[in-house]
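Asks: Just the structure for this:
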Amino acid sequence: MGIDRGPSKVWAYVRSAPGTYVWLGILFVTTVALHRMSPEFEAEFLRQRSTNIHELSSNPVRVLVASAMWIDGGYWWSVRPRMCSRR
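Replies: Numbers count the residues shown, from 1 in each chain. Purely as a prediction, here's the structure:
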């Protein structure tokens with residue numbers, strides 16, 4: 001049956017690039033965490049994890065890995081989505 005093969009096809013697709021899906025999972029968790037922070041704390045938190053020249057010159061691998069785990073603003077796309085309202 002075609003339905004029985006669906007989950008195995010999805011799992012095979014995920015196994016073809018596991019690092020990508022692990023990274024997406026981490027981004028999801030960190031995005032949820034950002035949405036639970038106060039705006040002031042979020043700004044300070046992201047500022048401390050920013051990729052700046054001083055930090056890159058002292059420990060580039062740690063800075064790049066850490067900055068890859070956070071999305072500034074907490075959105076996965078460049079434009080904030082508009083909420084649809086029903087009238």
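
Asks: thought Thr30 was touching Ser67?
Replies: No: using CB atoms under 8 Å, Thr30 is not in contact with Ser67, being 11.1 Å away. (Glycine included, C-beta is placed from N, CA and C.)

Asks: So which of those two has more stuff around it?
Replies: Ranked by neighbour count (other CB atoms under 10 Å), Thr30 and Ser67 place Ser67 first, with 17 against 14.

Asks: how many neighbours does the closest residue to that one other than its chain neighbours have?
Replies: Of all residues not flanking Ser67 in the chain, Thr51 sits nearest, at 4.3 Å (CB to CB, 6 or more residues apart in numbering). Number of residues near Thr51 (other CB under 10 Å) recorded here: 12.

Asks: Can you tell me the SS state at Thr51?
Replies: Under DSSP: H, G, I helix; E, B strand; the rest coil, the three-state class of Thr51 is coil.

Asks: any idea how far Leu64 is from it?
Replies: Distance from Thr51 to Leu64, counting by CB to CB, to the nearest Å: 7 Å.
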